[in-house]
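In: Would you be able to build a 3D model of this:
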Amino acid sequence: MDSNNKPGEQSPGPVVRKDEGRAVLDIQSGLAIAATRRKDKQVHNLYSLLWKREWLNIALKAVLDNTGSKTSGVDGMRGADLRDPSSRDRFVEELRTELKQHTYRPSPVLRKYIPKAN
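Out: The predicted structure follows:
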């Protein structure tokens, strides 16, 4: 739990404007429709969507809304580390720059085996 939050209260996520969410949904819907109508049609330049600020804000909101955001990831970062709006903005801008410049390298996935009876 975040020290500034009451029990059961989540850290505030990034501010996602309604029109941002709508724009992303419209693009996703358009891609899905195009893919189902024309099986032979190829979609180009999807990578450029990854570094759009509104896509990153929506993705970050989904991650921070997840209960797993209370624990550290492999990079040591927790959702509480992005509590402050300026921290969130800085994080999104750094990620956006790395994606845009093709310099982003994801951290390895932390794998935890859970022993089971069977």
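In: Going by C-alpha atoms from here, please, whenever you check contacts or count neighbours.
Out: Noted.
In: mind checking which helix or strand the residue nearest the centre of the chain is in?
Out: Central residue of the chain (C-alpha atoms, centre = their mean): residue 59, 2.6 Å from the mean position. Residue 59 is part of helix 53-65 when elements are defined by DSSP states H and E.
In: Output the contacting helices and strands for that helix.
Out: Contacts defined by 3 or more C-alpha pairs under 8 Å, 6 or more residues apart in numbering; DSSP states H and E place helix 53-65 against helix 18-37, helix 85-100.
In: what's the least confident stretch among those helices?
Out: Here the lowest mean pLDDT among the helices and strands packed on helix 53-65 goes to helix 18-37, at a mean of 79.
In: now that one: how far from the chain's centre is it?
Out: Relative to the centre of its chain, helix 18-37 is centred 17 Å away, using C-alpha atoms, centre = their mean, to the nearest Å.
In: tell me what that helix is packed against?
Out: helix 53-65.
In: Now do the helix it packs on, average pLDDT.
Out: For helix 53-65, mean pLDDT is 87.
In: Please save the CA atoms from that helix in PDB.
Out: C-alpha atoms of helix 53-65 as PDB (Å, rounded to 0.1, in the frame of the first residue of the first chain):
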ATOM      1  CA  ARG A  53       1.700   9.700 -26.000                       C
ATOM      2  CA  GLU A  54      -2.000   8.800 -25.700                       C
ATOM      3  CA  TRP A  55      -1.300   5.100 -26.300                       C
ATOM      4  CA  LEU A  56       1.400   5.200 -23.600                       C
ATOM      5  CA  ASN A  57      -0.800   7.000 -21.100                       C
ATOM      6  CA  ILE A  58      -3.600   4.500 -21.600                       C
ATOM      7  CA  ALA A  59      -1.200   1.600 -21.300                       C
ATOM      8  CA  LEU A  60       0.400   3.100 -18.100                       C
ATOM      9  CA  LYS A  61      -3.100   3.600 -16.600                       C
ATOM     10  CA  ALA A  62      -3.900   0.000 -17.200                       C
ATOM     11  CA  VAL A  63      -0.700  -1.100 -15.500                       C
ATOM     12  CA  LEU A  64      -1.100   1.200 -12.600                       C
ATOM     13  CA  ASP A  65      -4.800   0.100 -12.100                       C
END
